[in-house]
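Engineer: the sequence isn't on hand, but the structure is:
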């Protein structure tokens, strides 16, 4: 199924994928590239706390007398940036986001180094519905398909990865379809059938009292969000390429933080103040994994084939035995 690219060809393909996709994404969503921070002031509270179980990497800068944090994503920062940079409705931004997630599990599709396109689009309050969410997902999928077809032609790849359309399913519908499976297994079974899927409404417990996937309560509205997942045939697993959603308004922010046992009134940072005072515009946004996209389109067995990171000795030795060349 797979045409094996050399290390040199892989490097060229990575550049081509990134150039194609970001151009397609910007065109589809009317996005403009902006510069973004590698680290932020801890006191501002604009770092992504993920599921509030993974502490950001931080360091103290004596000359500033400040503790800074390496970003984990730019979910909060982007909403502020849309205001600061004076974007109009239905305009947005995208940026290269580089993060360190020191507490992540590390395996063939997870690295402590995270590289993704972070994007955010200014919308109207009336766009806070599933129909609008789905329309944006379809545009992202179009950018993905266009990139795939260009790379397939340029590098003479001989495999088919994507269907014409992406398939939508809610997390509850997925559980109803596969009640005997756990959330990861459900995702795998459905993705294997349809190749590309969008699982929406992720965050709240399902009828089984399980959740499809952990979510921070602070940025996505759990009723208006989801994950874009593809089937990776070489590894025979489901691969999440993007997590995204319409962002919380004041009402859903208070509801979700309280559900997560976080009292929003006890926080004094900038982001919480703006949310509680209803001073942030309606937006939709997400992150799209750059290395994961390359890993998928080039059908690599390990994410270390498309990004430079640090791996344990067992992973390095096993990769050598299997002739998987990590960068």
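Structural biologist: Cool, the structure landed. Here the structure is a predicted model, which means the values were calculated and not measured.

Engineer: quick one: distance of stretch 6-24 to the chain centre.
Structural biologist: Here the centre of stretch 6-24 is set off from its chain's centre by 19 Å, with CA atoms, centre = their mean, to the nearest Å.

Engineer: ok but residue 40 is inside a strand, no?
Structural biologist: Yes. Under DSSP: H, G, I helix; E, B strand; the rest coil, residue 40 falls within a strand.

Engineer: give me the pLDDT for it.
Structural biologist: Model confidence at residue 40, given as pLDDT, is 91.

Engineer: ok, it - contacts?
Structural biologist: 46-47, 68-69, 71, 77 (CB atoms under 8 Å, 6 or more residues apart in numbering). All C-beta spots, glycine's among them, are computed from the backbone N, C-alpha and C.

Engineer: who does the longest strand along the chain pair up with?
Structural biologist: Counting by DSSP state E, the longest strand found in the chain is strand 220-232. Here strand 220-232 has these sheet partners by DSSP bridges: strand 196-200 (antiparallel), strand 237-247 (antiparallel).

Engineer: show the average pLDDT along it.
Structural biologist: So the average pLDDT for strand 220-232 ends up being 98.

Engineer: going forward, count from 590.
Structural biologist: Noted, 590 is the first residue going forward, which turns the last one into strand 809-821.

Engineer: what's the local residue count around residue 866?
Structural biologist: When neighbours are defined as other CB atoms under 10 Å, residue 866 has 9 of them.

Engineer: go on, the one 3 residues further on?
Structural biologist: Applying the criterion other CB under 10 Å, we find 19 residues in the vicinity of residue 869.

Engineer: if I look at it, how far off is residue 629?
Structural biologist: Distance of residue 869 to residue 629, given as CB to CB, to the nearest Å: 17 Å.

Engineer: repeat for residue 683
Structural biologist: From residue 683 over to residue 629 (counting by CB to CB), the distance is 18 Å.

Engineer: now do residue 688
Structural biologist: For residue 688 relative to residue 629 (CB to CB), the value is 11 Å.

Engineer: overlap in contacts of those two?
Structural biologist: In contact with both residue 688 and residue 629: residue 660, using CB under 8 Å, 6+ apart.

Engineer: in strands only, show me the contacts of residue 629.
Structural biologist: 657-658.

Engineer: so which of the contacts of residue 629 comes closest to residue 696?
Structural biologist: residue 660 (22.6 Å; CB to CB).

Engineer: ok, residue 713 touching residue 678?
Structural biologist: Yes. Counting by CB atoms under 8 Å, residue 713 does reach residue 678; the two are 6.1 Å apart.

Engineer: shaky segments in the stretch 590-739 of the chain?
Structural biologist: 590-592, 640-642 (pLDDT under 70).

Engineer: can you pull out the helices in it?
Structural biologist: Under the criterion DSSP state H, counting those that start in this stretch, the stretch 590-739 of the chain contains helices at 596-618, 664-673, 719-743.

Engineer: how about those helices in JSON lines, adding distance to residue 763 and mean neighbour count?
Structural biologist: Compiled in JSON lines, these are given as follows (distance: least, CB to CB, whole Å; neighbours: other CB atoms under 10 Å):
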{"stretch": "helix 596-618", "distance to residue 763": "26", "mean neighbour count": "17"}
{"stretch": "helix 664-673", "distance to residue 763": "24", "mean neighbour count": "21"}
{"stretch": "helix 719-743", "distance to residue 763": "15", "mean neighbour count": "17"}
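
Engineer: can you list those in TSV and add distance to residue 803?
Structural biologist: Below are the helices of the stretch 590-739 of the chain laid out as TSV (distance: least, CB to CB, whole Å):
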stretch	distance to residue 803
helix 596-618	26
helix 664-673	14
helix 719-743	20
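
Engineer: between those, which one is closest to residue 878.
Structural biologist: For residue 878, the closest of those is helix 596-618, at 10.9 Å, according to CB to CB.

Engineer: tilt between the closest one and helix 719-743?
Structural biologist: Calculated by axes from the mean of the first three to the mean of the last three CA atoms, to 10 degrees, helix 596-618 forms an angle of 150 degrees with helix 719-743.

Engineer: what's next to helix 596-618, contact-wise?
Structural biologist: Contact partners of helix 596-618, identified using CB under 8 Å, 6+ apart, comprise 594, 620-622, 681, 683, 706, 708, 710, 725, 728-729, 731-733, 735-736, 739-740, 743-744, 877, 879, 882-883, 886-887, 889, 894-895, 914, 916.
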